[in-house]
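Engineer: Whatever this is, show me its structure:
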Amino acid sequence: MPGRIPEDVIDKIRDDTVIEDVIAHFVTLKRKGSSYWACCPFHGEKTPSFHVHPERQIFYCFGCQRGGNVFRFLMDKEGMSFPEAVHFCADRLGVDLDRFLENSGSDGPDPRESILKANQWALEWFHEQLQGPAGQQAREYVRGRGLAPESIDSFALGFAPAGSAGFLAAAREAGITEEGLLQGSLLRRKPGESPFAYFRSRLIFPIRGVAQKTHGFGARILGAGEPKYLNSPETPVFKKRQTLYGLPEARSSMVKERTAILVEGYLDAISLHQAGWTQTVATCGTAFTPEQARVLRRYVNEVVLVFDGDKAGRKAAYRSADVAILEGVEPRIVRLPEGQDPADLIAAGKEREVLAALHEAPGMVECMLREVHERGGERVHRERALSRLRELAGQMKDPVRGELLLDEVASVFRVSRQALADGFVAPRRRATSPEPPPAVGEAAAGTTEERRLLRLALFSEPARKRLLEGMKPEEFSTAQLREVVGRLSEASEGTGEISRVDQLGVEGTDLEPVLARLLTPEDGEPAADADFDPVAEIDALLSRFAGRVQREQRSREVAATNDAFYSGGDWKAEMELRRKDNRG
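Structural biologist: Residues are numbered from 1 along each chain as shown. Okay, the predicted model is just below:
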């Protein structure tokens with residue numbers, strides 16, 4: 001299947017990513033020596049047990065036993081797939097992964113590929129129609145909306161002519177299967193009738209994912225008719241609730257600015273890009289969703305909501321602000337003149353007004369207070385606003401953020417903080433959040449002694465050699481540690497220090513958090529100084545370990561002989577074993 005990222009590129013992205021910077025986007029880190037600590041983002045706790053080690057590029061929580069590298073953190077915390085985690089880190093580094101994509105050589109077609117192939121062909125065909133004789137009306141429309149040719153090309157706008165014959169004939173000539181067109185909903189078919197083109201007599205807006213693959217289309221009718229806007233139905237590659245229009249074009253600016261601008265219309269997004277606000281994205285025919293907010297959170301801390309200035313637009317802005325703040329993105333709200341959208345204002349030469357509105361956009365709390373004043377400042381309006389904000393604070397996942405929101409509300413509305421706190425419902429985790437996979441239990445990490453042995457073996461090749469000579473994998477107490485020992489034995493000579501999870505090939509497996517635990521120093525563990533001899537430490541640990549194993553074996557023998565004795569066994573044999581045990 002096309003689209004595999006080469007391993008060396010993945011390695012480079014991981015190595016160049018500063019893990020503490022990524023994790024700090026989701027949790028507050030405090031430096032302690034050469035490491036960072038925080039309250040774990042995966043489970044509730046008051047005493048920090050979440051550890052980030054910058055040098056080894058790993059994280060580990062001593063409380064819930066989650067651990068791994070930066071990709072594992074993003075997969076567990078944000079519910080990302082592995083490729084999405086790689087893309088996220090690449091975006092932060094400003095690396096365009098598209099130029100590195102290669103064929104994986106895997107057998108068997110991916111069912112999504114026929115849809116993506118059909119969509120890509122359709123994008124190119126629609127774009128050609130816009131430039132040709134059939135697209136004259138559409139060209140006049142976009143010119144009237146103030147779009148430059150560069151913007152039309154950058155966003156690959158197109159035109160779907162009337163009728164279906166030309167579309168079907170061109171698809172057949174290009175070798176695009178009818179099945180792929182039907183699966184991607186570019187064609188529709190009624191029972192007993194021939195297939196017909198889904199988009200006809202419409203201006204076409206291709207909707208692309210972060211890898212620049214065309215997932216679906218939006219379309220605006222030209223002239224009379226309903227619906228005014230039409231989007232591709234949901235397909236295996238197009239999920240409206242998870243998709244943001246313009247994301248491939250906006251993501252680099254969003255990462256740089258740490259702010260996104262969210263609008264309702266495709267033309268609004270393109271107009272703002274053309275005017276220089278290239279961090280703009282739009283929803284895809286839906287209200288702003290938690291899934292879209294989580295996509296934004298991968299890139300930004302703040303979103304500026306730009307909706308129509310009428311009553312419906314204000315309601316949509318507040319609903320979107322609720323979604324954003326609950327998903328950890330700080331919202332600001334732009335109030336436009338009623339009946340105007342960003343594309344209208346920019347086309348009318350009012351870019352300065354739009355710029356001022358974007359820069360001066362207040363936060364949600366301040367915006368609600370302004371609206372209360374606009375309504376005359378009556379007590380009933382203040383009460384409704386305060387009730388809504390207190391309820392919102394109670395829904396927030398992070399208790400600290402909920403308390404801080406109440407602090408802001410008390411300050412802005414000039415009410416008693418205590419009065420707000422009365423009846424306040426403590427923040428709770430919402431079911432809409434992606435649940436991280438189960439953590440590997442504490443028992444899987446073995447004993448403190450075993451972990452110390454393996455930590456020394458990881459950091460020193462001579463110590464590793466001594467450990468492998470002195471102990472067999474089956475002598476370790478858990479299957480996970482036995483597998484680590486097995487992988488150590490397979491490490492080639494000259495490997496040297498093993499300080500990252502990818503060096504033993506456990507990245508993305510259940511063994512990753514176990515290895516992260518082994519790479520993380522434990523409280524009370526002696527620090528390695530210039531005089532530290534890891535081989536001597538291994539020898540001492542092996543000696544203690546062997547003694548413990550021997551005592552445990554004797555205990556088992558004594559227990560077995562006692563059972564035999566009390567059931568009529570050999571008294572002398574039992575006593576002899578007791579004497580041996582006492583001497584040991």
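
Engineer: Please name the residues that touch His215.
Structural biologist: Contact criterion CB atoms under 8 Å, 6 or more residues apart in numbering gives Leu116, Asn119, Ile207, Arg208, Gly209, Ser232, Thr235, Val237, Phe238, Thr243 as the residues in contact with His215. Glycine gets a C-beta too; all of them are placed from N, C-alpha and C.

Engineer: any idea how far it is from Gly209?
Structural biologist: Distance from His215 to Gly209, counting by CB to CB, to the nearest Å: 5 Å.

Engineer: Then Arg298?
Structural biologist: Summarising the geometry, the distance separating Arg298 from Gly209, computed by CB to CB, is 13 Å.

Engineer: give me phi/psi at the residue lying closest to Gly158 once chain neighbours are set aside?
Structural biologist: Computed as CB to CB, 6 or more residues apart in numbering, the closest residue to Gly158 that is not its neighbour in sequence is Phe126, at 2.6 Å. The phi/psi pair for Phe126 (degrees, to the nearest 10) reads phi -60, psi -40.

Engineer: circling back: which one of Arg298 and Gly209 has more residues nearby?
Structural biologist: The residue with the greater number of neighbours, taking Arg298 and Gly209 and applying other CB atoms under 10 Å, is Arg298; the counts read 22 against 18.

Engineer: list the contacts for the residue nearest to the more buried one when sequence neighbours are not counted?
Structural biologist: In space, Arg298 comes closest to Phe88 once its chain neighbours are excluded; the distance is 5.1 Å by CB to CB, 6+ apart. Contacts here follow CB under 8 Å, 6+ apart; on that basis Phe88 touches Leu74, Met80, Arg298, Tyr299.

Engineer: how about the helices of the stretch 1-150 of the chain, start to end?
Structural biologist: Along the stretch 1-150 of the chain, the stretches classed as helices by DSSP state H, counting those that start in this stretch are 7-16, 19-23, 70-78, 82-93, 111-131, 136-144, 149-154.

Engineer: Buried residues in the last one, which are they?
Structural biologist: It refers to helix 149-154. Of all the residues in helix 149-154, those buried under the rule 16 or more other CB atoms under 10 Å are Ser151, Ile152.

Engineer: Next secondary structure after it?
Structural biologist: The C-terminal neighbour of helix 149-154 among helices and strands, as given by DSSP states H and E, is strand 158-160.

Engineer: what helices or strands is that next one leaning on?
Structural biologist: Taking 3 or more CB pairs under 8 Å, 6 or more residues apart in numbering; DSSP states H and E as the contact definition, the neighbouring helices and strands of strand 158-160 are helix 111-131, strand 202-208.

Engineer: Would you mind listing the residues in contact with Asp308?
Structural biologist: Glu264, Ala316, Leu336, Glu338, Gly339, Gln340, Asp341.

Engineer: again, but for His25
Structural biologist: Contacts for His25 were tallied using CB under 8 Å, 6+ apart; they are Asn301.

Engineer: do you know how far it is from Trp125?
Structural biologist: In this view, His25 and Trp125 are 41 Å apart by CB to CB.

Engineer: Contact partners for the one residue sitting closest to the centre of the chain?
Structural biologist: Nearest to the mean C-alpha position of the chain, counting by CA atoms, centre = their mean, stands Glu78 at 3.9 Å. The contact partners of Glu78, taken as CB under 8 Å, 6+ apart, are Ala85, Arg294, Arg297, Arg298, Pro434.

Engineer: now swap in Ala347 and tell me
Structural biologist: With contacts defined as CB under 8 Å, 6+ apart, Ala347 is in contact with Gly144, Arg145, Gly146, Ser271.

Engineer: Quick check: PyMOL command selecting the buried ones in the residues you listed.
Structural biologist: Those of the contacts of Ala347 that count as buried under 16+ other CB under 10 Å are selected in PyMOL with:
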select buried, resi 146+271
